[in-house]
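In: here are the coordinates; sequence isn't available:
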C-alpha cells in the first residue's frame, strides 16, 4: 500500500486479491465496493463549500428605504477602543492565526457594543451658554444660582469657618466631603444632604486630609504623624512611620495611601494590610506638590527646580523626570483619563503636557498671576487658583483657551480646591472656610453604579468594599504603562537577542586555580604551576569554542539568504576555503 | 444666558421598596473604569486560585466486593446504574446516587472478564474465565427467585473480553480467537483469527458499527470489519496494548492504553504512526475510556492514579489519586460527561467528578454567568507565569513524584547518549526519529 492512506469503504485491491486466493467459507459477506459512501473526514467537502462561498455575490439592498444597521460613529469607536490589536499577518500557523482573528473579532464586537450603549445613558451634562454680546466669564455665581433649579441651587453654599486655611476632598462617588482646617478643625459630612458625620478638633496642625477607600474612614496628616479616623471621629490608627507628612493621595484600586513629607520622603502605605510598601528618600528637598495619575497610579511630584518626577513604589529612583519649568513648580494635576498633565510654576507659566508620551508641552499659557492650585474636572475643565481668584478653563488642553470659562473672586486666599465627581460643583477651601461653586458642565452626568455610586446604600457599600478588596491591584503593577500586562511580551524576546549579542563580547572567565595539598613528594611547585596553566588554557579554549559556535549560529542565520544558483560547470572553479 | 447643572432626582436612582432589587446604572466609558487590564488580571488570578480551592473531585466509593474489581460497565440509558465484576466471579449492580448495592451474585467460576449491557439495557452479558458467556436480566429477581442467567453459552475457547454492537443485537468476544455472536443464538456467527495466541480486549466502533478493534498478546492491535472475511489490519507496537477505546465522535480515531506508560491515539486512515502520544503516567496504563463528547478521555494506570487527557494534547490535564486507591483495573466516563468511575485492585469503585472544581447541582443564572466570566478570564491570562503555575500545579504522591524524576533522568540520559552518538558519527548516520515513530514496529495487512 505504501504511503497511501486507506479508507475502509474504498475498494481495496489487496483485500480483494486475498479473497480470490483463499478457499471460500460460508461467511456473510457484503460487497462494500458497491455501496457508495462519502469519503471520511470532511476536508474535501469543506473545501468545496469554501469555494462556493467565494462565488456568492452580495445582493444589492432590496428595500432602499431601510438602510440596514446604523453605523456606530467613528469617534465613539475611538473612545471605547482597546488599542489596535494583534496583526494576524505575522502568524505562520493557520490554526493560531484563526484563533487570533476570532479573538480580534470578539474584541471589535465588544467595542461596538460598548459604543452603542452610549444612547442608553439617561442624563446629559450641564452647560452654560452666553447670548451674543455676553461672555460666560461675566456670570457670577449669584446669577447662575438664580437660573438653575432649586435642588441644583442648593449645591452652592458657603461655610464660614475660622480655623485657618481649609483643605477639602470629596469621596470617589462625590457624595461625601472632608474638610480640614490648618488649626485642627476636621469635619466629614454628606454635603448633598448636609448631614454631618463627625466634627472635631485634633488639637494639632492639620496639613492634609484624605478619604480612604470608603466614606467610613479618613486619614489626617497632623503635625508630626498621620492619623486614621472613622466616620464618628474615633481615632483608629496613629501611623508614626509617616512622619511630618505634607500631602497625601489615596490610590483606590491599590489601597495605597501615598504621602510625601517635609523631609523629602515619599511613602506608600497599604491600608488593607497596614504595611508600608515603599518608602524612599527622594533627595529632592521638601516635597509639597503631590498628585496622582489616575490612569496608571504613579505619583507626580513637583520640585523647586521646575522638575516633575514620576514615582512608583517598586522603584527607588523616579520612573521618569521632566523638566517642565524654569521656576519652582506650584501645582500639578493630571486629568482623569491620564492623557494631560497641567503644571504651573511661580514664573506665572501654565503648561499642559501629554503625560502618556511624557511629551509636550501641548499648550503653554502665561498667566496674570502665578497659579498655586490646579484641578481637572471629569469633563477636562481646568480650575486655576491664583491668590484669591478661581478661574475655570474649558477646552484648554488640545486647543488653546482664549478666556476663562468662569471666574470667582474670594475675600481670602484660596488654599485648596477640587471638583466634585459626578456633579457640576467645585469645592473651594479658603482661609475663611469652604465654598461650593457651581461650574456647569464640569462633571460626568452618568455614573456607573458598580464603580462609584452616589446613591449607595449601606449594604451596597459593604458589598462593593469586599469586591474591591478582592480586586486589589498589587503595588508591583504600578508602572508608567498600566496596559502592559495585557500586551504580548515582545521586549523579552528582544532582551534575549540582546543577551546573546552581549555574550559574544564577553571576556573569558578568570580561573583561580587552587591546587589541592597533595601528599608529600607527589607534587612540586613546577608541577602545580604547569597544572594551573593547563586548567586555565582549557577553560579559555572551551570558552572560545562556545563563542565561535554562537558566532557561527548567527552567521548561518545570515547566510540562509538565497544564494546564487549553482551552475553545472561551477565544479571546476577553485574551491573556496572554509573558515 | 442658558444654564443647566447636573441635578439628579433620587427617585430615579433609588429603589422604591426594600423588596425590589437595587437599580443599576452603567456607563462603559473607559475613563470611569481605570486599570482594566490590571484588575482583569487580578480577577483571573483569583479565579484560578478559587478553582484550586474548590477542586475536590472525589465524590464517594462503592464498597462491597470481596476481591479486586476486574470490570465495570455503564448502562446505555440510565446514568444511575453501574455493574461491576470482580476477580472472584462476583457481579454487583450499583445505584450510584445512593451509593448502594442493589444486587450481588456469583456469576462465574473465576474472574469476570467482561460485562456489557445490551442495547436496550434490559439484559447484560458477562464473560468469565470459566469459558461461559452468560446473559442476565437487568430486573432484580423477585423474593424467593434464584439468580439465574437467562442464557448460558459454553464457548469452545477461552473468552477474555466482550463488546456489544451499538445498534444491532450482535456482540463480539475475544479470547484465543475473535468471535461474533448473535444474542439469540448459541453458536458464533463468525470466527476470525490472525495467527495470534490470544486477544485480551475487543471493542466495537460506536459509530461505524461494522468495525472492530482488538488488542492481542503479541503486542499488536488488530482491526476487523464485520463484513470482511479476514481481519483488516494489524499494528505491532513495541509493548503490549492493554485496552483500546474508540472516539465516540470521530469514528476513525481510537486511543490505546499501552504497557509502556503511554497512551497512543491512532487514526485508522494512517496506522503507520500514532497521531498523538499521551505521556504522563509512570506505570503501565491499564484502561482508557472516552468522554461522550470525544474531546477528552480518562485513563487508569498501574501507578495507582487516574489521569484525564484532552484528546488533542500530549499531557494530562488532571490527575486523581487517593492514599488508599491501589492499582487501577478499569475507569469509565459517565454518559452525562460529568463523572468518572474507577475500579481498582483494593475492591472499591470510586466516583469522581470529571472536572474537579465543578459545582454539582443546578446553577443560578448569575452564578453561571460569573463562572463563565472567570473561565474566559482564565483562558485570556492563561499564559501569565503566575496563573500558569497555579493552574498547572498538582500535588502528587511521593512514589509518583519520584518515578517522574527517575523517568526524566532516564529520558535525559538516553537523549544525551543519542546526541553523543550523533556527534561522533557521520552526518545522517544517527537519524532523528520523532517520538511518534518510536513506538510502532510495523503495520501489516
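Out: Received, thanks. Computed from a prediction, not measured in an experiment: that's the story for all the values here.

In: Measure how buried the residue lying closest to residue B:208 once chain neighbours are set aside is and give me the count.
Out: Nearest non-adjacent residue to residue B:208, counting by C-beta to C-beta, 6 or more residues apart in numbering or on different chains: residue B:251, 4.5 Å away. Placement of C-beta: from N, CA and C, glycine included. A count of nearby residues for residue B:251, using other C-beta atoms under 10 Å in any protein chain shown, gives 18.

In: does residue B:251 count as helix, strand or coil?
Out: Three-state call for residue B:251 (DSSP: H, G, I helix; E, B strand; the rest coil): coil.

In: and it, what does it touch?
Out: Applying C-beta atoms under 8 Å, 6 or more residues apart in numbering or on different chains to residue B:251 gives the contacts A:40, B:205, B:206, B:207, B:208, B:211.

In: Let's see that with 6 Å instead.
Out: Counting by C-beta atoms under 6 Å, 6 or more residues apart in numbering or on different chains, residue B:251 touches B:205, B:207, B:208.

In: who wins for neighbours among these?
Out: Ranked by the number of neighbours (other C-beta under 10 Å), the contacts of residue B:251 place residue B:205 first, at 25 neighbours.

In: Verify the contact between that residue and residue B:211 for me.
Out: Yes. Assessed by C-beta atoms under 6 Å, residue B:205 is found in contact with residue B:211 at 4.0 Å.

In: Those residues of the stretch 151-300 of chain B touching chain A, which are they?
Out: B:190, B:227, B:229, B:252, B:269, B:270 (C-beta under 6 Å from any C-beta of the partner chain).

In: now do 7 Å
Out: For the stretch 151-300 of chain B, the residues in contact with chain A (C-beta under 7 Å from any C-beta of the partner chain) are B:190, B:211, B:225, B:227, B:228, B:229, B:230, B:232, B:252, B:269, B:270.

In: how close does the fifth one sit to residue B:267?
Out: So that's residue B:228. Distance from residue B:228 to residue B:267, counting by C-beta to C-beta, to the nearest Å: 20 Å.

In: With residue A:564 instead?
Out: 43 Å.

In: For those two, indicate the residue with more neighbours.
Out: In this view residue A:564 and residue B:267 are compared by other C-beta under 10 Å, and residue B:267 has more residues nearby, 19 against 6.

In: and the gap between the more buried one and residue B:274?
Out: Going from residue B:267 to residue B:274 by C-beta to C-beta gives 8 Å.

In: Which of the contacts of residue B:251 fall within helices?
Out: Nothing among the contacts of residue B:251 maps onto helices, per DSSP state H.

In: Whichever helix or strand residue B:94 is part of: what's the following helix or strand?
Out: Assessed by DSSP states H and E, residue B:94 sits inside strand B:90-95. Using DSSP H and E, the helix or strand that follows strand B:90-95 towards the C-terminus is strand B:100-106.

In: Could you list the paired strands of that next one along with their orientation?
Out: The partner list of strand B:100-106 in its sheet, established with DSSP bridges, is strand B:90-95 (antiparallel).

In: Please state the offset of the partner strand from the chain centre?
Out: Its chain's C-alpha centre and that of strand B:90-95 lie 21 Å apart, by C-alpha atoms, centre = their mean, to the nearest Å.

In: quick one on the thing from earlier: ok, residues contacting the strand holding residue B:94?
Out: Contacting residues not belonging to strand B:90-95 are listed as B:62, B:64-66, B:80-85, B:101-107, B:112, B:115, B:126 [C-beta atoms under 7 Å, 6 or more residues apart in numbering or on different chains].

In: do stretch A:269-287 as well
Out: The contact list for stretch A:269-287 (C-beta under 7 Å, 6+ apart) reads A:212, A:239, A:241-242, A:246, A:255-257, A:260-262, A:264-268, A:301, A:303-304, A:309, A:313-314, A:316, A:469, A:472, A:475.

In: What is the end-to-end distance of that stretch?
Out: Its first and final residues considered, stretch A:269-287 spans 17 Å by C-alpha to C-alpha, to the nearest Å.

In: Pull out the buried positions in it.
Out: Buried residues in stretch A:269-287, counted by 16 or more other C-beta atoms under 10 Å in any protein chain shown: A:269, A:270, A:271, A:277, A:278, A:279, A:280, A:282, A:284, A:287.

In: Which pLDDT value belongs to the most centrally placed residue in chain A?
Out: Nearest residue to the geometric centre of chain A (C-alpha atoms, centre = their mean): residue A:482, 2.8 Å. Residue A:482 is assigned 90 on the pLDDT scale.

In: right, and it touches residue B:38 too?
Out: Yes. Between residue A:482 and residue B:38 there is a contact under C-beta atoms under 7 Å: 5.7 Å.

In: joint contacts of these two?
Out: Taking C-beta under 7 Å, 6+ apart as the contact rule, residue A:482 and residue B:38 touch no residue in common.

In: The residues of the stretch 151-300 of chain B next to chain A into a markdown table, with extra columns for neighbour count and pLDDT?
Out: Output for these, formatted as a markdown table (neighbours: other C-beta atoms under 10 Å in any protein chain shown; pLDDT from 0 to 100):
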| residue | neighbour count | pLDDT |
| --- | --- | --- |
| B:190 | 17 | 90 |
| B:211 | 22 | 94 |
| B:225 | 21 | 92 |
| B:227 | 15 | 89 |
| B:228 | 19 | 87 |
| B:229 | 16 | 85 |
| B:230 | 15 | 87 |
| B:232 | 20 | 90 |
| B:252 | 19 | 94 |
| B:269 | 16 | 91 |
| B:270 | 15 | 91 |
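
In: Just the ones in strands from those residues, please.
Out: B:190, B:211, B:225 (DSSP state E).

In: so where do the strands sit in the stretch 101-250 of chain B?
Out: Ranges of strands within the stretch 101-250 of chain B are B:112-117, B:123-128, B:132-137, B:151-154, B:159-164, B:170-175, B:178-182, B:190-192, B:199-204, B:211-216, B:220-225, B:233-237, B:241-246, based on DSSP state E, counting those that start in this stretch.

In: Following element in sequence after the helix or strand hosting residue A:101, please.
Out: Here residue A:101 sits within helix A:94-116, counting by DSSP H and E. Later in the chain than helix A:94-116, the nearest helix or strand by DSSP H and E is strand A:127-129.

In: Tell me who's in contact with the nearest residue to residue B:296 once chain neighbours are set aside.
Out: Spatially, and ignoring its direct neighbours in sequence, residue B:296 is nearest to residue B:310 (5.4 Å; C-beta to C-beta, 6+ apart). By C-beta under 7 Å, 6+ apart, the contact set of residue B:310 is B:295, B:296, B:317.

In: now with 10 Å?
Out: The contact partners of residue B:310, by C-beta atoms under 10 Å, 6 or more residues apart in numbering or on different chains, come to B:278, B:291, B:295, B:296, B:297, B:316, B:317, B:318.

In: what residues does the stretch 1-150 of chain B put near chain A?
Out: Contact residues (C-beta under 10 Å from any C-beta of the partner chain) of the stretch 1-150 of chain B with chain A: B:1-10, B:12-15, B:18, B:22-43, B:45-46.

In: 7 Å - rerun?
Out: Near chain A, the residues belonging to the stretch 1-150 of chain B are B:1-8, B:10, B:13-14, B:22, B:24-28, B:30-35, B:37-39, B:41-43, B:46 when assessed by C-beta under 7 Å from any C-beta.

In: Could you find the closest non-adjacent residue to residue 68?
Out: No chain in the question, so chain A it is. Going by C-beta to C-beta, 6+ apart, residue A:68 has residue A:61 as its nearest residue, at 6.9 Å.

In: switch to chain B, that's the one I care about
Out: residue B:345 is the one closest to residue B:68 (C-beta to C-beta, 6+ apart), at 4.3 Å.
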